[in-house]
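[1] here is my input, please return the structure:
(4 chains)
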Number of protein chains: 2
Amino acid sequence: MKSRIASGMAPARQSYAIVVDDHPLVARGIAGYLTTHCDYAVAHYAANAQECFQRIDDDGPPSLLVVDFWLPGGTALALLREAAAKLPSCRLLVMSGDEDARVQIKAMEAGAHGFLRKSEPPETFAQAVAALRKGGTWFPAMPPAELTPALRRELPLSPRDLGLTDRQGQVLALMLRGLPNKQIAKELAISEQTTKEHVTAILGKLGVSNRVEAITLLHGRRLEP
Amino acid sequence: MKSRIASGMAPARQSYAIVVDDHPLVARGIAGYLTTHCDYAVAHYAANAQECFQRIDDDGPPSLLVVDFWLPGGTALALLREAAAKLPSCRLLVMSGDEDARVQIKAMEAGAHGFLRKSEPPETFAQAVAALRKGGTWFPAMPPAELTPALRRELPLSPRDLGLTDRQGQVLALMLRGLPNKQIAKELAISEQTTKEHVTAILGKLGVSNRVEAITLLHGRRLEP
DNA sequence: TTCGAACACCTACCGTAGTAGGGGTTGCGG
DNA sequence: CCGCAACCCCTACTACGGTAGGTGTTCGAA
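    Prediction:
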């Protein structure tokens, strides 16, 4: 869980994929489909961001990453951003159960190369994978362009997107400004202990192990209150 | 030394200045000149970034900040950046003993509103102060424009600029990537203890009290190895 | 009404971060 | 030669960050 930023990774292998989905059956199914119908030699699966990066630490970066948008705690966006930053040669395909256009936009913004609804037939899935494999992208039925400009630039990234409660969002915002727990507590008029528990919950949902990782992960992004 | 990111600062006062110079006589002299010749009601002086921000915590933000570029440890750039970010209503005048054009550029990049050589006559100093006071800037004899574009964008910010040694620069780079001391030590093949001492030295030179502040201060800037 | 989620408080514990104060090596300039 | 700066190592200590487990309140959904 720690050496996510390890250097000296193995060179990218061909036909190696990782499927990230909190539902093991779904993950296993997709991974199996990748090997049997999409010509992937190896397809592992992971239940969350931690497991995913652990796998990458062990086996090197994959050439394809399939990510369920609705990972518990909404950590998918953080996972995507991190993957996009650290695995430039890896293609990112996002899957979602619902058809909210904003989800698709968020995924795009986070660096995904493709987006797919789970309700789509397997053939479409195979087509999307093939497109990504060739270096292309796959985004079905682009949502109305009027909505995008508002979200494209500097998306303020609401706490809800990360699966955080309102209070946790407030704590995170202060955390990202470098405040120690004691000052966060003072700012929010709660005890330092309560602050710590919020922090613990936030770290868990973001899939990081301490506040420094959280800060570096969310970099310069701002939160909306 | 800690509550530099404190909120709820006092409103900006008119005619209140702080002079930051490690040479007390020089600082005192400049501060005196500000009160006697530049119509400043109060002019404090500080030997370093810590003292400066301590003063600001106590007395509120000044309307003018005069900073010696060659503060010990090269902390002037960090000081400027922090001041520019946190004191939007404060004018920043940088002074330097030498006439290296790159120094001037670095000062500009760090957010300074004016730049002045110490060899300049007092009248020029008064003119510069007056210009800044009116919301203007003061940069003598703009350096050749050919040099600037290379430096302007995304300046890579060498460790030396921050007054750090090579080794400290390496440690800082890993620190900014969110690595804990133990992993930094492993990466550089030194003991965790030695890493801690490097970190302590870095924090001191940057004028911050922990690594989180250092990260938020340098935000998304990159270091060159 | 009962249940769960969110919020807040507490004690207690442990690991890391950071400081203090030792000592030791190299290399370089006065 | 000496001093000095940079680098490395060590013990020991304090504080902060983070986790675990238990308690209580509120509020809205079932």
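
[2] neighbours around residue A:218, how many?
    19 (other CB atoms under 10 Å in any protein chain shown). In short, each C-beta sits where N, CA and C put it, glycine included.

[3] that one reaches residue A:78, doesn't it?
    Yes: counting by CB atoms under 8 Å, residue A:78 is a contact partner of residue A:218 at 7.5 Å.

[4] between these two, which contacts overlap?
    Listed as contacting both residue A:218 and residue A:78 by CB atoms under 8 Å, 6 or more residues apart in numbering or on different chains are residue A:206.

[5] is residue A:45 in a helix, a strand, or coil?
    Here residue A:45 is recorded as strand under DSSP: H, G, I helix; E, B strand; the rest coil.

[6] so what sits opposite it in the bridge?
    residue A:19 (DSSP bridges).

[7] the lowest-mean-pLDDT helix or strand in chain A: what's the following helix or strand?
    When each helix and strand of chain A is scored by mean pLDDT, DSSP states H and E, helix A:148-152 comes last, with a mean of 33. The helix or strand immediately downstream of helix A:148-152 is helix A:166-176, counting by DSSP states H and E.

[8] buried residues in that next one, which are they?
    Neighbour counts over helix A:166-176 (16 or more other CB atoms under 10 Å in any protein chain shown) mark A:168-176 as buried.

[9] low-confidence ranges in chain A?
    In the prediction, chain A carries residues with pLDDT under 70 at positions A:1-14, A:23-26, A:72-74, A:97-102, A:105, A:109, A:119, A:136, A:139-162, A:219-225.

[10] what parts of it come near DNA strand D?
    Residues of chain A lying near DNA strand D by CB under 7 Å from any atom of the strand: A:180-182, A:192-193, A:196-197, A:199-200, A:203-204, A:209-212.

[11] buried among these? Need that as a selection in PyMOL.
    Restricted to buried positions by 16+ other CB under 10 Å, the PyMOL selection for the residues of chain A next to DNA strand D reads:
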select buried, chain A and resi 180+181+199+203+209+211+212
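
[12] so which of the residues of chain A next to DNA strand D are in helices?
    A:181-182, A:192-193, A:196-197, A:199-200, A:203-204, A:211-212 (DSSP state H).

[13] and the strand or helix carrying residue A:81, which residues are buried?
    Residue A:81 belongs to helix A:76-86 when assigned by DSSP H and E. Buried residues in helix A:76-86, counting neighbours by 16+ other CB under 10 Å, are found at A:76-84.

[14] just the closest of these to residue A:90, please.
    Taking CB to CB as the measure, residue A:90 sits nearest to residue A:83 out of the buried residues of helix A:76-86, at 6.4 Å.

[15] returning to what we had before: closest one of the residues of chain A next to DNA strand D to DNA strand C?
    Distance to DNA strand C across the residues of chain A next to DNA strand D (CB to the nearest atom of the strand) is lowest for residue A:193, with 4.2 Å.

[16] and that closest one, how far from residue A:181?
    9 Å (CB to CB, to the nearest Å).

[17] can you check residue A:82 too?
    25 Å.

[18] go on, residue A:20?
    Remark: distance between residue A:20 and residue A:181 (CB to CB) = 31 Å.

[19] if we can go back for a sec, now for the helix holding residue A:81, which elements pack on it?
    When contacts are defined as 3 or more CB pairs under 8 Å, 6 or more residues apart in numbering or on different chains; DSSP states H and E, helix A:76-86 packs onto helix A:49-59, strand A:64-68, strand A:91-96, helix A:101-109, helix A:211-218.

[20] can you add distance to chain B and give these back as a markdown table?
    Below are the helices and strands packed on helix A:76-86 laid out as a markdown table (distance: least, CB to the nearest CB, whole Å):
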| stretch | distance to chain B |
| --- | --- |
| helix A:49-59 | 12 |
| strand A:64-68 | 21 |
| strand A:91-96 | 21 |
| helix A:101-109 | 17 |
| helix A:211-218 | 3 |
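
[21] how about the contacts made by residue A:45?
    A:18-21, A:24, A:27-28, A:30-31.

[22] redo these as a markdown table? Include neighbour count and distance to residue A:108.
    Shown next, in a markdown table, are the contacts of residue A:45 (neighbours: other CB atoms under 10 Å in any protein chain shown; distance: CB to CB, whole Å):
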| residue | neighbour count | distance to residue A:108 |
| --- | --- | --- |
| A:18 | 27 | 20 |
| A:19 | 26 | 20 |
| A:20 | 28 | 18 |
| A:21 | 25 | 20 |
| A:24 | 11 | 27 |
| A:27 | 21 | 23 |
| A:28 | 14 | 27 |
| A:30 | 24 | 21 |
| A:31 | 21 | 24 |
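
[23] farthest-apart pair in those residues, please.
    Farthest pair in these (CB to CB) is A:18 and A:24. Separation: 13.9 Å.

[24] go ahead and name everything in contact with the helix or strand residue A:27 falls within.
    Using DSSP H and E, residue A:27 sits within helix A:24-37. Residues outside helix A:24-37 that contact it (CB under 8 Å, 6+ apart) are A:17, A:19-21, A:40-47, A:64, A:66, A:68, A:95, A:118, A:122, A:125-126, A:129.

[25] repeat that for 7 Å
    Counting by CB atoms under 7 Å, 6 or more residues apart in numbering or on different chains, the neighbours of helix A:24-37 from elsewhere in the structure are A:17, A:19, A:21, A:40, A:43-45, A:47, A:66, A:122, A:126.

[26] among those residues, which one lies nearest to DNA strand D?
    Using CB to the nearest atom of the strand, the contacts of helix A:24-37 come closest to DNA strand D at residue A:47, 17.4 Å.

[27] excluding chain neighbours, what is closest to that closest one?
    residue A:22 (5.3 Å; CB to CB, 6 or more residues apart in numbering or on different chains).

[28] my guess is that neighbour meets residue A:71, correct?
    Yes: assessed by CB atoms under 7 Å, residue A:22 is found in contact with residue A:71 at 5.6 Å.

[29] between these two, which is the more surrounded one?
    A count of neighbours by other CB under 10 Å puts residue A:71 above the other of residue A:22 and residue A:71, at 24 against 17.

[30] for chain A, list the residues in contact with DNA strand C, please.
    So far as CB under 7 Å from any atom of the strand goes, chain A lies against DNA strand C at A:165-168, A:188, A:190-191, A:193-194, A:197-198.

[31] swap in 6 Å and give it another go.
    A:165-168, A:190-191, A:193-194, A:197 (CB under 6 Å from any atom of the strand).

[32] make a markdown table out of these and add distance to chain B.
    What follows is the residues of chain A next to DNA strand C, written out as a markdown table (distance: CB to the nearest CB, whole Å):
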| residue | distance to chain B |
| --- | --- |
| A:165 | 23 |
| A:166 | 20 |
| A:167 | 18 |
| A:168 | 18 |
| A:190 | 16 |
| A:191 | 19 |
| A:193 | 19 |
| A:194 | 20 |
| A:197 | 19 |
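
[33] how about those residues in CSV, adding distance to residue B:35?
    Below are those laid out as CSV (distance: CB to CB, whole Å):
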residue, distance to residue B:35
A:165, 53
A:166, 50
A:167, 49
A:168, 49
A:190, 45
A:191, 46
A:193, 48
A:194, 48
A:197, 51
